[in-house]
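Asks: coords below, sequence missing:
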C-alpha cells in the first residue's frame, strides 16, 4: 500500500458543482487547494453518471434576470458554446477543464475520504486532516490543511469531525414554517435514477429482467405522466427512499429504482399503449441521485420565512430562486402530486453564517448540506444554487486561510472584504454594489460614442391578440411620460393601461399601482396608439405596465429584443399543491409568465427619453440588473463605425489591469443537458471583437484586445503598467446584437 501526505492551504472534499466552484474560487485567489472526489468524474448529480440537469435561480424562466454569474455562469456559457445539444459527456469535460485550468488545484479523482482526524470538545473542534483511499491506484492519502470544505452532499466529513447537524424535517413551531410537519421526523426527500431511450430505426424487442416491477400493479400509472420518447428529465418523479435512510439504505433504494425503471420501460414497450416499436433503451443510471441527507448547523439556519420574505442579510454572499420544492415521502408510489412548489416574488438571499459550522472551527460547507431547515433546503438544494454557494464558501475559505482566522471571526471582522471580493470575481450578491477602494474606475468620468436614449421596439413580426392582461417591464430613469403601442382594432374600443412599481429592486412583478390611463382606439390596423401618464419615482427603477385585456385589440410582437424590457402574459392563479384546494397562496411570479415572450417584446415607443443606458451605468457599481438594466448601451450600431466607452481622470493614473464585464443576458435560461435547447451557441449581446485603448502622447494606443470573444468577464493584465488619464473600450462587433453593451469596467494599478 502506498502512503502519502498532501499539504495544502485548503482541502475541498466533494467534486460536485459546489466543490468545483469552491476549489476554483479559492485557487484563483492564490490558495493551494486539494480537490477530492470519490467518483471518476466531476459534477456530482450533473455528471454523465447521474445526468440531472442543472437548475438554479431562473427556475427555468420563472424568475427574471436570475441566471448565475461567476464560476457557474462561466460553465453555463462555455457549455452553450461547445455543447448546445446537452451531451452529458461533453459537460463532464467542461467541468473537468474548469478545474484543470487552475494551477493551484491538485485534483484527486476516485478518492474516497472515510477518515477524519479532529480534536477539541463538542462545542469547539478543529479538523487536522482527512484520509482517503484512491481506488484503482492503491494509494492511501492523508490531506492536511488549515481549512476544510465539506461539499460531499451527504456531509460525511463534517459528521466524522463531530459537526452538529440535522437529518429530516423540523417541527412546524421550531422556525414557524407552515410547510413543516407538526411533529419533527427523520423523513427526507428521496433519490432518483434516470433512463434514456432512442429510436433505433427498426423494431427492437425488450425482454424485461426478472426483477422488473409490473407497474400496473402499483399506483404509478395513476398519478405519473408516462410517454414514449421522453428524455430522461421527464422522469424526475422516479423517486424513492425518503422514508428510509438515503445513505445506509442506498443499495436498497438503487435496486427499487432499477426495478421500477425496467418496469416502466416494459410497460412502454410491451403494453401496446405506446408507439414504441422502434424505441430502444440506451442508458440506465446506476447511481441514485440523492436529494437530501445531513444538513449542518451554522451560526444561522436559513428557513422558509427567509425565502418567502426575500429577507436581506448583512452577510449575504449568494442567492437562489428555485421554488421551495418538496416531494411526498412515498415518492413515486404516492397518490399525491409528485411535488409542490412555493415561489418567492423573486430571488432570495443566502448568508455567510449558514456556510460555516457552529462548532467545528475550520469547517465550511457548500451544496445541499448547508445550514438550512428542511423546508428552506427545498430550494437551496438545486445545483446552480449549490455552485454559487460553493464559490462564496471557497472565497471565504481562501480569505480565512490568508488571514489565519476562523470563519466566524472572519464574519465579524472581514465581511465586507468577502463581499467585495465576490463582486470583483463576478459572483453576484443581489442588491450589493462595487465599493472597491482601489478600483480606479469608481473615480473616473465616463463618455461614449453614442448612447441609447430612445427606448422603442418598432419592427413587428407577429401579432398577438390581447385576450389576457399583458405586462411590460421597462426602466424608468428618470421619468415616464407616456407610451405608444402598435395595435390593430377589430372595432372602436378603449385601451386601458395601469402603471405599477415592482416593490423591490430584484423583483419583476406588479407590486403597488401608481397611476392609470386609457384612450379610445378607432377600428383599424397598424395604429400607434398614444397613452399619456406620468411617473417620476424618487430613484430610477423598473415600471410594470399592465395592458388590460381587450378581445378587440391585437398587439404586435417583434423578433428584435431590447435588453431591460420584458413582456409577460397573465395566467390563472398557479396551483402550489392540489392538496391545498382553494387555499393556494398567491404566486405572482408564476402568474405573470414571460416564457411565451422570451426575446419577443411587444412593439412600443416611450414618449420620454431615458438615461437607463448612460455611460456612467458601467461604473455605477452594479454588474447585473437591479431596479434597472445597469449597463451602457450604444445607439444602434453603424456599419464600419466602432462604438466606444471612455473613462477619464483629472490627472494621469497608473493602469495595469482592466476588468471588462459584457452583457450575457442573465435573463436567458441556459442549461447543461437536454432539458431544453437554446438556439444560439453564443449569447448575441456579448461583445465579440474589441480593443482596449489608452491615450498616450496625443494618440490612442491599443494596449489589449479581444477577438471572437464569447465570455462575459474578461481580465486584461498588461505586460507593464501604463500611465494615462483616458481609457477606451472600442467595440468593433458583437455576436449578433445591434447595440454595443458593456455592463462594468474596473481599472486597477
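Replies: Looks like it came in fine. Just so we're clear, the structure is a prediction, and the values are computed from it rather than from any experiment.
Asks: tally of neighbours for residue 679?
Replies: A count of nearby residues for residue 679, using other Cβ atoms under 10 Å, gives 6. Where C-beta positions appear, they are placed from N, C-alpha and C, glycine not excepted.
Asks: part of a helix, is it?
Replies: No: looking at residue 679 with DSSP: H, G, I helix; E, B strand; the rest coil, it is coil, so not inside a helix.
Asks: Ramachandran angles for it?
Replies: The phi/psi pair for residue 679 (degrees, to the nearest 10) reads phi -80, psi -20.
Asks: And residue 80, by the same measure?
Replies: Per degrees, to the nearest 10, the backbone of residue 80 is at phi -60, psi -40.
Asks: residue boundaries of the strands in the stretch 351-500 of the chain?
Replies: Here the stretch 351-500 of the chain has its strands, by DSSP state E, counting those that start in this stretch, at 363-365, 445-448, 456-457, 462-465, 470-476, 480-489, 493-501.
Asks: for the stretch 151-300 of the chain, same thing?
Replies: 165-166, 191-192, 195-199, 239-240, 279-284, 289-290, 295-296.
Asks: can I get those in JSON lines with mean neighbour count?
Replies: JSON lines is the format used below for these (neighbours: other Cβ atoms under 10 Å):
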{"stretch": "strand 165-166", "mean neighbour count": "18"}
{"stretch": "strand 191-192", "mean neighbour count": "28"}
{"stretch": "strand 195-199", "mean neighbour count": "17"}
{"stretch": "strand 239-240", "mean neighbour count": "26"}
{"stretch": "strand 279-284", "mean neighbour count": "16"}
{"stretch": "strand 289-290", "mean neighbour count": "23"}
{"stretch": "strand 295-296", "mean neighbour count": "28"}
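Asks: any chance of the ones you listed in JSON lines, plus distance to residue 207?
Replies: Formatted as JSON lines, the strands of the stretch 151-300 of the chain follow (distance: least, Cβ to Cβ, whole Å):
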{"stretch": "strand 165-166", "distance to residue 207": "45"}
{"stretch": "strand 191-192", "distance to residue 207": "25"}
{"stretch": "strand 195-199", "distance to residue 207": "16"}
{"stretch": "strand 239-240", "distance to residue 207": "24"}
{"stretch": "strand 279-284", "distance to residue 207": "11"}
{"stretch": "strand 289-290", "distance to residue 207": "27"}
{"stretch": "strand 295-296", "distance to residue 207": "43"}
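Asks: Just put these in JSON lines and tack on mean pLDDT and distance to residue 221.
Replies: Shown next, in JSON lines, are those (pLDDT from 0 to 100; distance: least, Cβ to Cβ, whole Å):
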{"stretch": "strand 165-166", "mean pLDDT": "98", "distance to residue 221": "36"}
{"stretch": "strand 191-192", "mean pLDDT": "97", "distance to residue 221": "18"}
{"stretch": "strand 195-199", "mean pLDDT": "94", "distance to residue 221": "17"}
{"stretch": "strand 239-240", "mean pLDDT": "97", "distance to residue 221": "16"}
{"stretch": "strand 279-284", "mean pLDDT": "95", "distance to residue 221": "18"}
{"stretch": "strand 289-290", "mean pLDDT": "97", "distance to residue 221": "23"}
{"stretch": "strand 295-296", "mean pLDDT": "98", "distance to residue 221": "34"}
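Asks: which stretch among the strands of the stretch 351-500 of the chain comes nearest residue 392?
Replies: With respect to residue 392, and counting by Cβ to Cβ, the nearest of those is strand 363-365 at 9.3 Å.
Asks: Could you point out which of the strands of the stretch 151-300 of the chain sits nearest residue 110?
Replies: strand 289-290 (19.1 Å).
Asks: domain assignment for this protein?
Replies: The record's domain parsing of the chain by automatic domain parsing lists 2-169+352-424, 191-290, 440-450+613-748, 456-606.
Asks: chain center to the helix or strand hosting residue 730: distance?
Replies: Using DSSP states H and E, residue 730 sits within strand 713-734. How far strand 713-734 lies from its chain's middle: 29 Å, per Cα atoms, centre = their mean, to the nearest Å.
Asks: That one - what's its average pLDDT?
Replies: Strand 713-734 comes out with an average pLDDT of 97.
Asks: Likewise for stretch 589-607?
Replies: 96.
Asks: Kindly report the same for stretch 178-189.
Replies: Stretch 178-189 comes out at a mean pLDDT of 97.
Asks: what are the ranges of the helices in the protein?
Replies: 17-28, 70-82, 88-100, 156-161, 172-175, 220-223, 250-270, 304-308, 374-380, 383-403, 407-424, 588-591 (DSSP state H).
Asks: Can you tell me which of the ones you listed is most buried?
Replies: helix 17-28 (a mean of 31; mean count of other Cβ atoms under 10 Å).
Asks: what's it packed up against?
Replies: strand 10-13, strand 33-36, helix 70-82, helix 88-100, strand 105-108, helix 383-403 (3 or more Cβ pairs under 8 Å, 6 or more residues apart in numbering; DSSP states H and E).
Asks: where does the chain have its least confident helix or strand?
Replies: helix 220-223 (a mean of 86; mean pLDDT, DSSP states H and E).
Asks: who's in contact with the closest residue to residue 724 other than its chain neighbours?
Replies: Counting by Cβ to Cβ, 6 or more residues apart in numbering, residue 724 lies nearest to residue 694, which is 4.2 Å off, once chain neighbours are set aside. Residue 694 makes contact with 655, 700, 701, 703, 722, 724, 726, 727, 728 under the criterion Cβ atoms under 8 Å, 6 or more residues apart in numbering.
Asks: Would you check how far apart the fourth one and residue 714 are?
Replies: Same thing as residue 703. 14 Å (Cβ to Cβ, to the nearest Å).
Asks: who's more crowded, the two?
Replies: Neighbours around residue 703 and residue 714, counted as other Cβ under 10 Å, are more numerous at residue 703. The numbers are 19 against 16.
Asks: and the gap between that one and residue 649?
Replies: In terms of Cβ to Cβ, residue 703 sits 16 Å off from residue 649.
Asks: if we can go back for a sec, closest to residue 279 out of the helices and strands packed on helix 17-28?
Replies: helix 88-100 (19.5 Å).
Asks: centre of the chain versus that closest one, how much separation?
Replies: 18 Å.
Asks: Run the angle between that helix and helix 17-28 for me.
Replies: 30 degrees (axes from the mean of the first three to the mean of the last three Cα atoms, to 10 degrees).
Asks: related to what we said a few turns ago, please convert the strands of the stretch 351-500 of the chain to CSV, extending it with distance to residue 381.
Replies: CSV is the format used below for the strands of the stretch 351-500 of the chain (distance: least, Cβ to Cβ, whole Å):
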stretch, distance to residue 381
strand 363-365, 13
strand 445-448, 42
strand 456-457, 38
strand 462-465, 37
strand 470-476, 29
strand 480-489, 40
strand 493-501, 32
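Asks: need these in JSON lines with mean neighbour count, distance to residue 549 and mean pLDDT, can you?
Replies: Conversion of the strands of the stretch 351-500 of the chain to JSON lines gives the following (neighbours: other Cβ atoms under 10 Å; distance: least, Cβ to Cβ, whole Å; pLDDT from 0 to 100):
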{"stretch": "strand 363-365", "mean neighbour count": "32", "distance to residue 549": "48", "mean pLDDT": "98"}
{"stretch": "strand 445-448", "mean neighbour count": "18", "distance to residue 549": "40", "mean pLDDT": "98"}
{"stretch": "strand 456-457", "mean neighbour count": "18", "distance to residue 549": "21", "mean pLDDT": "98"}
{"stretch": "strand 462-465", "mean neighbour count": "14", "distance to residue 549": "10", "mean pLDDT": "97"}
{"stretch": "strand 470-476", "mean neighbour count": "24", "distance to residue 549": "8", "mean pLDDT": "98"}
{"stretch": "strand 480-489", "mean neighbour count": "21", "distance to residue 549": "13", "mean pLDDT": "98"}
{"stretch": "strand 493-501", "mean neighbour count": "19", "distance to residue 549": "9", "mean pLDDT": "98"}
